[in-house]
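K.L.:
Provided below for reference: sequence and predicted model.
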Amino acid sequence: MYDIIIIGAGPAGLTSALYALRANKKVLVLEAKSYGGQIINASNIENYPGIPSISGFDFATNLYNQVKDLGGEIIYERVTDISKDKQVITSKNTYQAKAIIIATGVSKSHLNLTNEESFTGKGISYCATCDGNFFKGRDVAVVGGGNTALEDALYLSNLANTVYLIHRRNSFRGEAKYVEELKNKSNVKFILDSEISSLNGVDKLESITINTQNQKQDITIAGLFIAIGQKPHNEIFTNVVDLDNNGYIISLDGVHTKTKGIYVAGDARVKELRQLTTAVSDGSIAATIAIKEME
C-alpha cells in the first residue's frame, strides 16, 4: 500500500513526489520510459525563475536526485489501467494507493526525417516560447498549420530576422485573426502547399529542403520550430477521468478528476499554458491537495 502513486516521471510527476515525500508519505513513481519528460531534451532553459541558465538534462537529473535522496521509489513499468478503488495495473504488477496523480504529459508530433533527433536542441525545437530567445536576429522557420504554429510564428516575428511559415496545405487550420496578424508582419514569409523533405547540416541544423509542387528549394535557417501537433496518452484512464475532444484530462479545478482520490498534473490536463513552470506548479498543488484530502 502506497500513500500516493504518481504516473509519470516528468517535471510535474517528480515535483508531486518531492512534495509528498517531504510530507512523510510513502510514494511510488511509475514511468514507462525514462525520467525527465520532454524537458530532458532541451539544450538550455533560460525562462525558469531563479535559474538563469541550465540544461534540460541537468534540471531533470537534479529533480530526479532530489526525489531519490528523500527515499522516493521510481519503477520503470508501463501503466495499463487504473481502477476506481485506486489500483494501478502495469505490464508487470498491480499496486494499491490511497491517492493517484496522473502526470503522463504529452508527446510532440515529429516530421520523422533524417537528422531530426540529432538536431533537436541544435537548431530544432518544439517550443517557441522556450527556445525562441536563442534565435534573436536570425532566420528561422515554423512548420504547421494550427493555432500553435501561428502563435509560434507571431512570437518569433518579434525576435527573429525572418520567419518562414511552412504548411503543407494552401490554407491554415488555425484562427483567421492570427493569419491576418501574420500577413501584416513584414518579416514573415508564407510557404504554402509545401513540405520539408530534408534537414541539412553537419553538427547542427544549417538549412532545410522544401518541396513545393515538385520543385525543391533550400532555405538557410538557424532554427526550425516544429508545431504539427502533440498527443496526450490518456486513453487508458477513461474509466476514471473525462477527456476533452483532443484527449486531455478534464479537471474540475486544475487538479481534481471526476473520481475521488485521483488527481491530474502537468501537460496531460486541459490547460492554457504547457511550460516547465506550470508543470511544477501543477505537481506541487496536486500533491498538496491529495495529502490534505487523504487526512
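P.N.:
Thanks, I have it.

K.L.:
where does this protein have its least confident helix or strand?
P.N.:
When each helix and strand of the chain is scored by mean pLDDT, DSSP states H and E, helix 128-131 comes last, with a mean of 84.

K.L.:
Buried residues in that helix, which are they?
P.N.:
Ala128, Cys130, Asp131 (16 or more other CB atoms under 10 Å). Any C-beta I mention is one placed from the backbone N, CA and C, and that applies to glycine too.

K.L.:
residues in contact with it?
P.N.:
The contact list for helix 128-131 (CB atoms under 8 Å, 6 or more residues apart in numbering) reads 42-45, 47, 125, 142, 151-152, 155-156, 223, 225, 227, 275-276.

K.L.:
Now a PyMOL select for only the buried ones of those.
P.N.:
In PyMOL, a selection of the buried entries from those looks like this (16+ other CB under 10 Å):
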select buried, resi 42+45+125+142+151+152+155+156+223+225+227+275+276
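
K.L.:
that older thread, C-alpha coordinates for the helix or strand following the least confident helix or strand of the chain, PDB please?
P.N.:
Using DSSP states H and E, the helix or strand that follows helix 128-131 in sequence is strand 139-143. Extracted as PDB, the C-alpha positions of strand 139-143 are listed here (Å, rounded to 0.1, in the frame of the first residue of the first chain):
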ATOM      1  CA  ASP A 139      16.400  33.500 -39.800                       C
ATOM      2  CA  VAL A 140      14.000  30.700 -38.500                       C
ATOM      3  CA  ALA A 141      11.100  28.600 -39.800                       C
ATOM      4  CA  VAL A 142       7.900  27.300 -38.300                       C
ATOM      5  CA  VAL A 143       6.200  24.300 -39.800                       C
END
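
K.L.:
that older thread, closest to Gly13 out of the buried residues of helix 128-131?
P.N.:
Of all the buried residues of helix 128-131, Gly13 sits closest to Cys130, with 19.1 Å by CB to CB.

K.L.:
Please report how far the closest one lies from Pro52.
P.N.:
15 Å (CB to CB, to the nearest Å).

K.L.:
Which residues outside the lengthiest helix in the chain are in contact with it?
P.N.:
Among all segments of the chain classified by DSSP state H, the helix with the greatest residue count is helix 276-294. Contacts of helix 276-294 with the rest of the structure, by CB under 8 Å, 6+ apart, involve 3-4, 10-20, 23, 25, 37, 39, 45, 47-49, 59, 98-99, 101, 103, 105, 130, 254-256, 261, 263-267, 269, 271.
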